[in-house]
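In: I would like to see how this sequence folds:
(one chain, ligands or ions: 1)
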Amino acid sequence: MIEKTDSKRLISLADKLYKNTSLSPEEYKELIDNRNDEISQYLFSKAREIRHKYYGNKVYIRGLIEFTNFCKNDCLYCGIRRSNHNAQRYRLSEEDILSCCKEGYGLGFRTFVLQGGEDPYFSDERICSIVKKIKEAFPNCAVTLSIGEKSRESYESYFKAGADRFLLRHETADRCHYGKLHPKELSLENRMRCLKDLKSIGFQTGTGFMVGSPFQTTDCLVKDMMFLKELQPEMVGIGPFIPHNDTPFRDKPQGSCELTLFMLGLIRLTLPKALIPATTALGTIEKDGREKGILSGANVVMPNLSPMSVRKKYLLYNNKIATGEESAQSISLLRQSLENIGYEAVVSKGDYPKD
Ligand code: SAH
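Out: Below is the predicted model:
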């Protein structure tokens, strides 16, 4: 029988992580596998402490514009995969995107995140033109792209056009697990090549993974932590896997809020200065999920700025929240709910701290 790790041991591991910002794979595994409410609460208090050191009680807000749900890829988990013929496809025009930014600017957003499927219609030329126009109209704002895997040359052209940041979750750092979530044309190697290119070009780079995705084991999560430590991304987004009815994973169980929060705490201690969102997926599976995310170490929220008419179509998973408190238009409710837990949503670009 495996000896149960006692709580003193778990606390000492959390303290070690707090102090050294890293653990061995075996130690991460021990913490994850033996976690309980007591150690979780301890981890979260340490996560808040270290975040406070760099960010105080500030929470950064990003306006998320889901500008296309056409996708050439066929990721098994994702509701906008190309073989989902039930998805109602849409694309926003350059004009639509700019008017989302204008509305967002008025609401206090200083970062616009353009996220989409991998849609060949949006050539490098089109993306660069959109980026340039946003930066011209809103010079004090950051533009973040989240448009998938591209060549180094393409990434360079977006950076030259003025894009500041790029989000590309690695999804899982375990090769075999990666293969079970993706069609064979996609590889972990290329995903990692993309992330390394993005970092070396100079993007503030975000990566991340789903928690509780089908076939995930603790060893996968440990590899995710080791990968994060090595890559040193400026941003890390994680959220629970949630099944979508029109995908092969329709009957797979959803990831838990509890494990997602625990992983958020571990990530905060591993990458103290990272910008970490409390994601929409977390807010979808649990009421107050986003607030719980903030209390576990997150410091970013990304309300939806997409036009109302398309919101329900960017359906990555079932029941994705779209028009309630998480929307950009309800920013005052969000501000209030953050204030209630002691945090302040700030009007700021919210770059990664330089030193
Ligand atoms: N095409 C872009 C954006 C993908 S959508 C890219 O490849 O980066 C953004 C994120 O949503 C994905 O990286 C994935 O981690 C998450 N996602 C997709 N389907 C999901 C699901 N069923 N449950 C939870 N998260 C999901």
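
In: for the ligand, what are the nearby residues on the protein?
Out: Proximity of the chain to the ligand (CB under 6 Å from any ligand atom) is limited to residues 77-78, 115, 117-118, 146-148, 168-169, 171, 210, 239, 241-242, 244, 281, 316-317. No exception for glycine: its C-beta is placed from N, CA and C like everyone else's.

In: give me every residue that touches Lys223.
Out: Going by CB atoms under 8 Å, 6 or more residues apart in numbering, Lys223 touches Pro25, Thr172, Ala173, Asp174.

In: and those residues, which of them are buried?
Out: Using 16 or more other CB atoms under 10 Å as the burial test, those include Thr172, Ala173, Asp174 as buried.

In: so the second one touches Phe227, yeah?
Out: I take that to be Ala173. Yes - taking CB atoms under 8 Å as the definition, Ala173 is a contact partner of Phe227 at 3.8 Å.

In: how far away is Ile276 from the ligand?
Out: Distance, Ile276 to the ligand, using CB to the nearest ligand atom, to the nearest Å: 14 Å.

In: and if you look at Met225?
Out: Using CB to the nearest ligand atom, Met225 is found at 17 Å from the ligand.

In: tell me how far that residue lies from Leu181.
Out: For Met225, the distance to Leu181 (CB to CB, to the nearest Å) stands at 18 Å.

In: neighbour-wise, which of the two wins?
Out: Met225 (25 against 22; other CB atoms under 10 Å).

In: so what's Phe159 up against?
Out: Applying CB under 8 Å, 6+ apart to Phe159 gives the contacts Ile201, Gly202, Phe203.

In: what helices or strands is the longest strand that the chain contains leaning on?
Out: Identified as the longest strand of the chain according to DSSP state E is strand 204-211. Where contact means 3 or more CB pairs under 8 Å, 6 or more residues apart in numbering; DSSP states H and E, strand 204-211 is packed against strand 165-167, helix 188-201, helix 218-231, strand 235-240, helix 257-270.

In: starting from the shortest one, tell me which strands it pairs with and how they run.
Out: So the one you mean is strand 165-167. strand 142-146 (parallel), strand 204-211 (parallel) (DSSP bridges).

In: dump the very next helix or strand once past the shortest one to PDB, restricted to CA.
Out: Just to be clear, that refers to strand 142-146. Note on strand 142-146: by DSSP states H and E, the next helix or strand toward the C-terminus is helix 152-161. Output in PDB follows, covering the C-alpha atoms of helix 152-161 (Å, rounded to 0.1, in the frame of the first residue of the first chain):
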ATOM      1  CA  ARG A 152       7.800  31.900 -38.100                       C
ATOM      2  CA  GLU A 153       7.600  34.400 -41.000                       C
ATOM      3  CA  SER A 154       3.900  34.800 -40.400                       C
ATOM      4  CA  TYR A 155       4.400  35.500 -36.700                       C
ATOM      5  CA  GLU A 156       7.200  38.000 -37.600                       C
ATOM      6  CA  SER A 157       4.800  39.800 -39.900                       C
ATOM      7  CA  TYR A 158       2.100  40.100 -37.100                       C
ATOM      8  CA  PHE A 159       4.800  41.400 -34.700                       C
ATOM      9  CA  LYS A 160       6.000  44.000 -37.200                       C
ATOM     10  CA  ALA A 161       2.400  45.100 -37.800                       C
END
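
In: then Glu66 would be within a strand, right?
Out: Yes - the assignment for Glu66 by DSSP: H, G, I helix; E, B strand; the rest coil puts it in a strand.

In: now it. Nearest residue, chain neighbours left out?
Out: Distances taken as CB to CB, 6 or more residues apart in numbering place Tyr314 nearest to Glu66, at 3.9 Å, with adjacent residues excluded.

In: in this structure, which spans are helices?
Out: For the chain, applying DSSP state H gives helices covering 7-20, 25-33, 37-55, 94-107, 124-137, 152-161, 175-181, 188-201, 218-231, 257-270, 280-285, 289-295, 308-311, 331-340.
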